[in-house]
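# I would like to see how this sequence folds:
(one chain, ligands or ions: 1)
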Amino acid sequence: MCGIVGYIGDKDATPIILEGLKKLEYRGYDSAGIAVLKDGKIDIRRDSGKISHLEALVEANPLKGSPGIGHTRWATHGEPNERNSHPHVGYKGQVVIVHNGIVENYLELRDELISEGIQFNSDTDTETIVHMIEIYLEQEMDLEEAVRSTLKRIKGAHGIVVLSTKEPEKIISARIGNAGGVVIGLGEGENYIASDIPAILEHTNRMVFLDSHQMAVLQKDKLVLKTLDGKPLDHKVETINLDPVSAVKGNYRHFMQKEIHEQVRSLTETLAGRIDFNHHSIVIPTLNIDKIDFEKLKGIKIIACGTAGHAGQVGKFMIENIAKIPVEVDIASEFRYRDPLVDENQIVLAISQSGETADTLAAMEEGRKKGAHIWSIVNAIGSQAMRLAEGFISMQAGPEIGVASTKAFTAPLVDLYLLAVLLADKKGLLSDGEIWEHIVEISKIPDLVGTCLDREDQVRAIAGKYKDTEHMLYLGRGINMPIAYEGALKLKEISYIHAEAYPAGEMKHGPIALIDKAMPVLAVMPKDKWYEKMLSQVEQAKARGGKVIIVATDGDEQAANLADDVLWIPSAGWMVNPILAVIPLQILAYHIAAMRGLDVDQPRNLAKSVTVE
Ligand code: F6R
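Numbers count the residues shown, from 1 in each chain. Purely as a prediction, here's the structure:
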């Protein structure tokens, strides 16, 4: 987690870093800080709280200079107060650091440093790193060597950025493992560094991504990339075609609301270039699908966390139904430690918005070790999940800033639908006409999603009725069961209402005991092959006094008669239904949280990229 920004050049680093940090605040918002070099000295402002608080600090007590580094924190070691905020300075006051990751052996290192007489000023693991760099500097090493020697001693995954008064013309950064990305932005006579592209995209779109075990030595007009053993490396400059404006809130009250409304555009982008209307086929060159021997392919393991996992569960229905390939969906944090049965005749498919989720990356690595083909569906361009995969599908959803994932849920649903058709085509299972029918269904999705979004006012009115509930039970069946899970997750994470989801058929095996007047039941039941079953289960809930909200297909009178409130979606094929059904659930959760006056984009205890275990 945590966000890092750095700048070196002739401008004042402070405003550049503050603006960059605001775009990374989704990565953590427990505390924030900034350090610049000025007249051979390190100047720092930092405190607990959000970037707006840091901005106020800087306004009250300005700091100016270059180079500079900044940090927004998701606390691991040490509570989120001023003394634990980054940047941290070494005991000699010569080195300052921002850090993303966990020093796994920090207790041992801390004891060692204390025994050498070094005093700690924080409870963080990060402070061990900066003191060690200073110790090595004292031993006549230059900054690069000192950083390298320090990194050899710390365990865990890390991204760091370092400045020193001894070599003020440099910023040094290094990455070990998957503690979040490090991207370098190349400007004219100035250079940038950040955890993620949006932080620096308004300054440059020429970027270099740091891989694990690489170090960048950045000067205002020069970038040198090295291994952690000091061997020079060539670097590839990538041009990022992202729109910097999409990382700005615009007229919306929250990023989440903006991102919900972006889904017509994001899904259009997701489809862009992937359907060959002339030849009736799906085209995803980045997947490298020709490496798969379909004669031998035994199955696909989808691995993901949270919302991405719910997308995977919907994908299972699509792939098994269309491509007839067995699919298992696994929670990445479970898969990685279960010694799963995976081999070279299987595909491990990771789904991740950030592409930096530690558990998902570790599960990919587990699959790779066992010889499986590794694929990913990923949103963040240049992220590890994109780079580590043998084949990938880029979600093309654009930056997602709100911590609760919305557009990065629907994009992989569409990708999985495309993938299912592509796989079936490769296996020769579909006639030209059948492929065309799917293409027609898929092409309608953005417009249908637009229809759902146009109904925001109706959903908002329903949100007003349920905003004070303490509990909510979500039910679904078949391909819509994961949508019930996703709806419940959206509600609980941003409104702090206790929300649970169950496959509706499981109700009678226990959970039905929960239902009374205080437990509204939300049933996801568009007209599909599970509809009749859902109907009888919702009737059972209704008979026990619960208020019932139904996500129903336009014109469904039975649902209208049964429900206290209806969230209407347009009529569509059963594989498109989940993509539509989730839209009113996103809007409902959003408005309930907003009406409760909560911090929708930055809910408590959460961060956007979960780069720690
Ligand atoms: C919930 C949410 C999380 C993420 C999960 C995985 O709204 O956003 O559950 O889906 O942390 O993150 P990624 O997709 O970045 O791997």
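# next up, the contacts around the residue of the chain found nearest the ligand.
Among residues of the chain, the one nearest the ligand by CB to the nearest ligand atom turns out to be Gly306. It sits 1.9 Å away. In this view, the C-beta of every residue, glycine as well, is placed from N, C-alpha and C. Gly306 makes contacts with Ser405, Leu489, as judged by CB atoms under 8 Å, 6 or more residues apart in numbering.
# redo that, cut-off 10 Å
The neighbours of Gly306, taking CB atoms under 10 Å, 6 or more residues apart in numbering as the test, are 331-332, 352-353, 357, 359-360, 404-405, 409, 485-486, 489, 493, 610.
# can you check Asn178 too?
With CB under 10 Å, 6+ apart as the criterion, the residues that contact Asn178 are 101, 157-159, 212, 355-362, 364-365, 383-385, 388, 611-612.
# which of the three states applies to it?
Each residue gets one of three states, and Asn178 gets coil by DSSP: H, G, I helix; E, B strand; the rest coil.
# Leu475 versus that one, what's the distance?
Distance, Asn178 to Leu475, using CB to CB, to the nearest Å: 36 Å.
# swap in Thr307?
19 Å.
# between those two, which is the more surrounded one?
Leu475 (29 against 23; other CB atoms under 10 Å).
# sec struct for the more buried one, please.
Leu475, by the three-state scheme (three-state DSSP), is strand.
# in the stretch 151-300 of the chain, which spans are strands?
Along the stretch 151-300 of the chain, counting by DSSP state E, counting those that start in this stretch, strands occupy 158-164, 171-176, 183-186, 191-194, 206-209, 214-219, 222-227, 232-233, 238-239, 275-276, 281-282, 299-304.
# mean confidence score for the third one?
In this model, strand 183-186 has a mean pLDDT of 96.
# enumerate the residues of the stretch 351-500 of the chain near the ligand.
Proximity of the stretch 351-500 of the chain to the ligand is confined to Ser352, Gln353, Ser354, Thr357, Thr360, Ala404, Ser405, Leu489, Glu493 under the rule CB under 6 Å from any ligand atom.
# which of these fall in strands?
Members of these lying in strands (criterion: DSSP state E): Ser352.
# which outside residues touch stretch 441-448?
Residues outside stretch 441-448 that contact it (CB under 10 Å, 6+ apart) are 263-271, 274-275, 277, 282, 410, 413-414, 417-418, 421, 569-577, 579-580, 583.
# enumerate the residues of this structure near the ligand.
Taking CB under 6 Å from any ligand atom as the criterion, the neighbours of the ligand within the chain are 305-308, 352-354, 357, 360, 404-405, 489, 493, 609-610.
# let's see that with 8 Å instead.
304-309, 332, 351-357, 360, 379-380, 385, 403-406, 408-409, 489-490, 493, 606, 608-610 (CB under 8 Å from any ligand atom).
# so of those residues, which ones are in helices?
With helices identified by DSSP state H, the entries of the residues of the chain next to the ligand that belong to them are Gly306, Thr307, Ala308, Gly309, Ala332, Thr360, Ala385, Ala408, Phe409, Leu489, Lys490, Glu493.
# what is the residue nearest to the third one when sequence neighbours are not counted paired to in the beta sheet?
In other words, Ala308. Of all residues not flanking Ala308 in the chain, Ile351 sits nearest, at 4.2 Å (CB to CB, 6 or more residues apart in numbering). According to DSSP bridges, Ile377 are recorded as the beta-bridge partners of Ile351.
# just use 847 as the starting number from now, easier for me
Sure, I'll start counting at 847 from here, so that last one is Ile1197.
# what's around Ile1197, how many residues?
Using other CB under 10 Å, Ile1197 has 34 neighbouring residues.
# check the one 3 residues further on too.
Residue crowding around Ser1200 was assessed by other CB under 10 Å; the count is 28.
# now it. Nearest residue, chain neighbours left out?
In this structure, Ser1200 finds its nearest non-sequential neighbour in Ser1455, 4.0 Å apart by CB to CB, 6+ apart.
# Glu1202 versus that neighbour, what's the distance?
Taking CB to CB as the measure, Ser1455 and Glu1202 are separated by 5 Å.
# swap in Arg1214?
As it turns out, when the distance is counted by CB to CB, Arg1214 lies 17 Å from Glu1202.
# quick one, which of the two is more surrounded?
When neighbours are counted by other CB under 10 Å, Arg1214 and Glu1202 differ, and Glu1202 comes out ahead with 28 against 16.
# which residues are in contact with that one?
Applying CB under 10 Å, 6+ apart, one finds that Glu1202 lies in contact with 847, 873, 946, 1005, 1024-1027, 1041-1042, 1224, 1226, 1229-1232, 1454-1457.
# same deal with Asn951?
When contacts are counted by CB under 10 Å, 6+ apart, Asn951 is found next to Glu958, Asp971, Thr974, Arg999, Ile1000, Lys1001, Gly1002.
# now the residues you listed: which count as buried?
Among the contacts of Asn951, those classed as buried by 16 or more other CB atoms under 10 Å are Asp971, Thr974, Ile1000, Gly1002.
# phi first, then psi, for the last one.
The one in question is Gly1002. phi 110, psi -170 (degrees, to the nearest 10).
# so Glu1174 sits in a strand?
Yes: in this structure, Glu1174 lies within a strand as judged by three-state DSSP.
# could I get the strands of the stretch 997-1146 of the chain as JSON lines with mean neighbour count and distance to Gly1356?
Formatted as JSON lines, those follow (neighbours: other CB atoms under 10 Å; distance: least, CB to CB, whole Å):
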{"stretch": "strand 1004-1010", "mean neighbour count": "27", "distance to Gly1356": "45"}
{"stretch": "strand 1017-1022", "mean neighbour count": "25", "distance to Gly1356": "46"}
{"stretch": "strand 1029-1032", "mean neighbour count": "24", "distance to Gly1356": "48"}
{"stretch": "strand 1037-1040", "mean neighbour count": "28", "distance to Gly1356": "48"}
{"stretch": "strand 1052-1055", "mean neighbour count": "20", "distance to Gly1356": "48"}
{"stretch": "strand 1060-1065", "mean neighbour count": "22", "distance to Gly1356": "52"}
{"stretch": "strand 1068-1073", "mean neighbour count": "16", "distance to Gly1356": "56"}
{"stretch": "strand 1078-1079", "mean neighbour count": "12", "distance to Gly1356": "57"}
{"stretch": "strand 1084-1085", "mean neighbour count": "12", "distance to Gly1356": "52"}
{"stretch": "strand 1121-1122", "mean neighbour count": "15", "distance to Gly1356": "44"}
{"stretch": "strand 1127-1128", "mean neighbour count": "20", "distance to Gly1356": "42"}
{"stretch": "strand 1145-1150", "mean neighbour count": "26", "distance to Gly1356": "27"}
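# Val1456 reaches Gly1201, doesn't it?
No: Val1456 is beyond contact range of Gly1201, at 11.7 Å (criterion: CB atoms under 10 Å).
# higher neighbour count, these two?
When Val1456 is set against Gly1201 and neighbours are counted by other CB under 10 Å, the residue ahead is Gly1201, at 29 against 21.
# any stretches of the stretch 1047-1196 of the chain with poor pLDDT?
For the stretch 1047-1196 of the chain, residues meeting the criterion pLDDT under 70 lie at 1089-1094.
# what do you get if the cut-off is 80, keeping everything else the same?
1087-1096 (pLDDT under 80).
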